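Build the 3D model from these lines:
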Amino acid sequence: ISTVADDTSGLDQAAVSELLADSGPPFLAQQSLVSASTPVAGGSSQATSAQRRSSPHAFEPRRSRVSQFPESARMQTIFECFVDRGFSEAVSRRIAEAGNAGSTRRVYDSRWERFALWCAHRGEDPLTASITLVASFFEEMFTEQGKQPVTIEGYRSAINSVWEQASGRTLRGDHAIMRLLASFRQDRPRSINRVPKWDLSVILRYLRSPKFHPRVVGQNPKAFAQKVSFLALLALARRCSDVFAIDPKRVAETSSAVILPPYPGYLPKVKSMAEGQARYQPMVIRKLKAITDDPDELLLCAATTLMQYHRWAEKKNPGRNRFFISARASGTPVVQATLAAWVKTLIRDAYSEIEQSPTDLALASARVHEVRAIASSLAMQSTFALNDIFASAQWGTPSVFAAFYLRDVSAFDGKHHGLGSLSVAGKIF
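From the prediction side, this is the model:
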């Protein structure tokens, strides 16, 4: 059988981009309706169009179609696949848009585009690329480009996001790919950083400033919303999505705690927590007044602060269906990304206004996940039962916490004690 020489290595970037823009996915539903070959005179056979598209170096341009997603080749590919399978353009567009959050979608778009470009240089269709070709792509990224194993695993997820929707193919569970990634992790182990990204005492001192006093909640609601978001994430050690899911209509307050049920239909990220009655379990924040009457310490009471915000929001937007609302006059519910943005802004502002050296400002990483990491690590250092910490924070497995979120908070321990009592990971620290 004669082979086709790979003469696409010299393609420039513009040519490859044009090839990707004018090319569509292979037949999917139609491929199963044609025979493997078409008989011709003399007993020979002629390859069908489906065979030609699935053969090596047969990445053939298809009819031009107006792009529905000019900024996302990945979503455009999914869209065209479903249109070619007979779905309407309106339905295909919805299917292509469904799924990942905005940040994840942007990462997947970038990684799929890079994989598609790599395939195009070799005359291959990224939708029908073989497992061996994908393995070569991963190997090149690891050895020649120096990518970390976790980055390559992200590329696997990006490729799957298209394959699974467009053709039902998947890289999940493929033993060759799994063993290849395992070898990457063995050769280049992940470095674990146990140092907290920022100093919690800096944030807490900032939250005690007059800017965040309960009396000014109506005058500066955005600043107060930042305080509520941070203290709630610290007190619960939960994901941002869990705190965002608080149902304002079912919030309850007792003399010692605040009970925060999720809104109906909310599904936690961890599968074990989304099964049976576990998904309806409310979050609980205990009040600091049970152990102290110091007014300065009570300024950092997450339960009290949260209820003060709840009462203000209820007056501004009666009958709201989400706990957190905009600080603007409309008082409309915000999206989850806004909650994360409030926390990031708070951390940056704290480091800007509380005197710190330029080195401290450069090292401060305003990541929302770090709040959860520090809260759980503080609770663990305080000798609280590990099972209680894991249950409160809803860690999927202890190994996830140990590998990604465990921090050495001993360096800041004295500073925290100087600020008094604090609610962390479902406990009072």
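
Averaged pLDDT, the helix ranked longest in the chain. What do you get?
With secondary structure taken from DSSP state H, the chain has its longest helix at helix 102-121. Per-region confidence: helix 102-121 scores 87 on mean pLDDT.

Kindly report the same for stretch 186-204.
Mean pLDDT, computed over stretch 186-204, is 82.

Which neighbouring elements make contact with the longest helix of the chain?
On a contact count with 3 or more CB pairs under 8 Å, 6 or more residues apart in numbering; DSSP states H and E, helix 102-121 meets helix 13-22, helix 73-84, helix 131-143, helix 149-166. Where you see a C-beta, it was placed from the backbone N, CA and C, and this is true even at glycine.

can you put those in CSV and add mean pLDDT, mean neighbour count and distance to V91?
Shown next, in CSV, are those (pLDDT from 0 to 100; neighbours: other CB atoms under 10 Å; distance: least, CB to CB, whole Å):
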stretch, mean pLDDT, mean neighbour count, distance to V91
helix 13-22, 41, 14, 23
helix 73-84, 85, 23, 7
helix 131-143, 95, 16, 29
helix 149-166, 90, 19, 13
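
closest one to G123 among those?
Of all the helices and strands packed on helix 102-121, helix 13-22 sits nearest to G123, with 9.4 Å by CB to CB.

Show me what counts as buried in the longest helix of the chain.
By neighbour count on 16 or more other CB atoms under 10 Å, the buried set for helix 102-121 is 105, 108-109, 111-113, 115-121.

Can you tell me which of those is closest to S352?
R105 (30.9 Å).

S157 versus that closest one, what's the distance?
12 Å (CB to CB, to the nearest Å).

Which parts of the chain are strands?
Secondary structure of the chain (DSSP state E): strands at 37-39, 45-47, 252-253, 257-260, 283-286, 423-424, 427-428.

distance of E71 from R106?
Counting by CB to CB - E71 and R106 are separated by 9 Å.

Oops, could you answer that again for V243 instead?
Relative to R106, and taking CB to CB, V243 is found at 23 Å.

how many neighbours does N387 have?
9 (other CB atoms under 10 Å).

go on, Q381?
Quick note: Q381 (other CB under 10 Å) scores 15 neighbours.

I'd like to know how far it sits from V150.
27 Å.

likewise Q281?
Going from Q281 to V150 by CB to CB gives 31 Å.

And H310, by the same measure?
39 Å.

R94 too?
In terms of CB to CB, R94 sits 31 Å off from V150.

again with E124
E124 is 26 Å from V150, by CB to CB.

any idea where the helices of the stretch 301-429 of the chain begin and end?
Assigned helices in the stretch 301-429 of the chain, in chain order: 302-316, 336-353, 358-363, 368-381, 386-393, 398-400, 413-417 (criterion: DSSP state H, counting those that start in this stretch).

closest to P189 out of those?
Per CB to CB, nearest to P189 of the helices of the stretch 301-429 of the chain: helix 398-400, 14.9 Å.

Might you report the residue contacts of the spatially closest residue to A375 that is not a sequence neighbour?
Excluding the flanking residues, the one nearest A375 by CB to CB, 6 or more residues apart in numbering is A237, at 3.9 Å. Counting by CB atoms under 8 Å, 6 or more residues apart in numbering, A237 makes contact with 372, 375-376, 379, 389, 392-393, 424-426.

neighbour-wise, which of the residues you listed leads?
A375 (30 neighbours).

distance of S191 from P149?
11 Å.

Oops, could you answer that again for D294 instead?
From D294 to P149 the distance is 49 Å (CB to CB).

A129 too?
Using CB to CB, A129 is found at 21 Å from P149.

Quick check: P210 touching V216?
Yes. At 7.3 Å, P210 counts as touching V216 under the criterion of CB atoms under 8 Å.

where are the low-confidence patches of the stretch 301-429 of the chain?
Scanning the stretch 301-429 of the chain for pLDDT under 70 picks out 355-365, 383, 396, 411-420, 427.

repeat that with 80
Scanning the stretch 301-429 of the chain for pLDDT under 80 picks out the ranges 354-367, 381-400, 402-404, 410-429.

Number of residues surrounding C240?
Counted by other CB under 10 Å, the residues lying close to C240 total 19.

cool, and I291?
Neighbour tally, I291, other CB under 10 Å: 12.

and what of D293?
Around D293 there are 9 residues (other CB under 10 Å).

before we move on, what about K147?
Residues lying near K147 (other CB under 10 Å) number 17.

try P210
Neighbours of P210 (other CB under 10 Å): 7.

How about N317?
N317 has 17 neighbours, counted by other CB under 10 Å.

Looks like it contacts G331 (just checking).
Yes. If you go by CB under 8 Å, N317 and G331 touch, sitting 4.0 Å apart.

which residues are in contact with both of those two?
Contacts common to N317 and G331, judged by CB under 8 Å, 6+ apart, are I325.

buried residues in stretch 222-230?
Buried residues in stretch 222-230 (16+ other CB under 10 Å): 223-230.

Sort out for me which of the residues you listed are in helices.
223-230.

show me where pLDDT drops low in the stretch 151-300 of the chain?
For the stretch 151-300 of the chain, the ranges with pLDDT under 80 are 190-196, 214-218, 265, 267-280.

all helices of it, in order?
175-187, 200-207, 221-236, 240-244, 295-298.

Would you format those helices as TSV with distance to F82 included?
Below are these laid out as TSV (distance: least, CB to CB, whole Å):
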stretch	distance to F82
helix 175-187	26
helix 200-207	47
helix 221-236	38
helix 240-244	28
helix 295-298	56
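
Could you identify which of those is most buried?
Ranked by mean neighbour count under mean count of other CB atoms under 10 Å, these are led by helix 221-236, which reaches a mean of 25.

Against which helices or strands is that helix packed?
helix 200-207, helix 240-244, strand 283-286, helix 302-316, helix 336-353, helix 368-381, strand 423-424.

which residue ends up closest to the midpoint of the chain in space?
T104 (5.6 Å; CA atoms, centre = their mean).

Thanks a lot, catch you later.
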